[in-house]
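Please work out how this folds:
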Amino acid sequence: MITDHNSINWKKIFYFKNIILNLVGVALITLALKGFMIPNKFLDGGIIGIAILVHEIIKWPFGILVLVFNIPFLFIGKQMLGKTFAIQSLLTFLLIALSMTFFNVAPVTSDPLLIALFGGCLIGVGMGLCIRSGSTADGVEIIALLTTKKIGLNVSEVIFAMNTLLFLAAAYSFGISTALYSIVTYFSAVKSLDYISHGLEQYTSLHIISSKSELIKSLIVQKLGKGITIIKGERGYLPDNFDIKKDCDIIVTVVTRLELLRIKEEISKLDPHAFMFIQYIKEASGGILRNGNKHS
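This next block holds a predicted model:
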């Protein structure tokens with residue numbers, strides 16, 4: 001009974017946290033759009049960028065355009081994303097539409113560089129918080145996922161192609177200078193979104209091959225407090241000595257990118273000739289991911 005009560009409390013905390021993240025995210029998106037971007041005709045990528053472009057050309061209310069443009073794609077992708085995600089995203093779209101319609105925010109600056117950097121950062125952070133809350137503030141990734149299945153391109157290629165067309169349209173409508181600053185806004189938003197949605201502690205898989213593998217195992221586990229996995233392999237097969245080979249241990253450890261430099265330096269001290277390669281991973285769970293923090 002106590003366990004059930006604790007479980008209910010954790011669920012309430014989880015839902016409350018998501019609501020707060022979503023509201024703060026929508027507030028930052030509204031500030032970025034009304035305080036920086038729309039008054040100066042700066043675009044972001046995706047559906048929001050399309051909505052800004054259409055808003056400036058035909059003068060329809062921006063909040064209505066965001067809602068109208070996002071909802072169809074959300075329902076198309078509902079089976080792929082799940083019903084809960086679709087409902088939460090619909091609520092996010094509604095909040096953005098309402099805040100853009102009923103809240104007034106005075107333009108913060110007319111300096112194009114400040115608009116591109118701070119407007120992009122704010123909208124990127126806002127979208128990242130919405131993603132962390134379990135929803136999305138822009139349907140462009142849904143479109144990209146659906147298009148990928150049809151034409152075989154990956155998601156980033158589809159988004160890049162869509163945004164290229166969008167910025168070409170901006171150049172035609174608002175001039176080259178505004179379009180170029182809009183590209184800066186977009187990349188600023190993407191980088192901010194990446195930090196918020198994946199965090200500074202994005203995980204990295206480090207593979208090490210060394211003749212001093214036992215010392216390196218001890219270093220990683222005993223001194224640095226990280227978990228390791230050992231893959232049995234063979235080394236050798238050099239062009240001049242192809243027939244010479246020997247067994248070796250390939251050491252694999254998962255670290256954050258903040259920890260990566262220190263671990264590489266420590267390994268290089270033990271074996272300057274150690275071969276290391278890195279793979280970036282989107283998510284990791286279980287095992288020992290942080291010092292003194294074991295997950296089961």
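
contact partners of stretch 46-53?
Stretch 46-53 is touched from outside by 29, 33, 37-38, 41-44, 62, 65-66, 69-70, 73, 123, 137-140, 143, 159, 162-163, 166, 169-170, 173, 182, 186, with contacts defined as Cβ atoms under 8 Å, 6 or more residues apart in numbering. Where C-beta positions appear, they are placed from N, C-alpha and C, glycine not excepted.

Buried subset of those as a PyMOL selection?
Buried residues within the contacts of stretch 46-53, by 16 or more other Cβ atoms under 10 Å, are selected in PyMOL with:
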select buried, resi 29+33+37+38+41+42+43+44+62+65+66+69+70+73+123+137+138+139+140+143+159+162+163+166+169+170+182+186
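
Which ones among the contacts of stretch 46-53 lie within helices?
Among the contacts of stretch 46-53, the residues falling in helices (DSSP state H) are 29, 62, 65-66, 69-70, 73, 123, 140, 143, 159, 162-163, 166, 169-170, 173, 182, 186.

helix or strand for the residue positioned nearest the centre of the chain, which one?
In the chain, the residue lying closest to the centroid (Cα atoms, centre = their mean) is residue 194, at 3.2 Å. Using DSSP states H and E, residue 194 falls within helix 176-198.

looking at the protein, which helix or strand does the model trust least?
Every helix and strand of the chain was ranked by mean pLDDT, DSSP states H and E. The lowest is strand 293-295, at a mean of 42.

Which single strand of this structure contains the most residues?
strand 245-256 (DSSP state E).

Go through that strand and flag the buried ones.
Here strand 245-256 shows 248, 249, 250, 251, 253, 254, 255 as buried, counting by 16+ other Cβ under 10 Å.

residues contacting the fifth one?
Applying Cβ under 8 Å, 6+ apart, one finds that residue 253 lies in contact with 205, 206, 208, 220, 226, 227, 228, 229, 263.

one more time with 10 Å
By Cβ atoms under 10 Å, 6 or more residues apart in numbering, the contact set of residue 253 is 204-208, 216-217, 220-221, 224, 226-229, 259, 263, 287-288.

Of the residues you listed, which belong to helices?
If you go by DSSP H, those have 216, 217, 259, 263 in helices.

Please identify, among these, the one with the most neighbours.
With neighbours taken as other Cβ atoms under 10 Å, the top of these is residue 216, carrying 24 neighbours.

Pretty sure that residue sits against residue 250.
No: counting by Cβ atoms under 10 Å, residue 216 stays clear of residue 250, with 11.0 Å between them.

Now for those two: what residues contact both?
Common contact partners of residue 216 and residue 250 (Cβ under 10 Å, 6+ apart): 208, 209, 210.

from what I can see the last one touches residue 216, true?
Put plainly, it is residue 210. Yes: counting by Cβ under 10 Å, residue 210 touches residue 216, with 5.5 Å between them.

re earlier: pull the distance from the helix holding residue 194 to the chain's centre.
12 Å (Cα atoms, centre = their mean, to the nearest Å).

So what's the model's average confidence on that helix?
The pLDDT scores in helix 176-198 average 83.

Repeat that for stretch 211-229.
pLDDT averaged over stretch 211-229 gives 90.

Distance from the one helix or strand residue 26 maps to to the middle of the chain?
If you go by DSSP H and E, residue 26 is part of helix 2-32. Counting by Cα atoms, centre = their mean, helix 2-32 is centred 19 Å from the centre of its parent chain.
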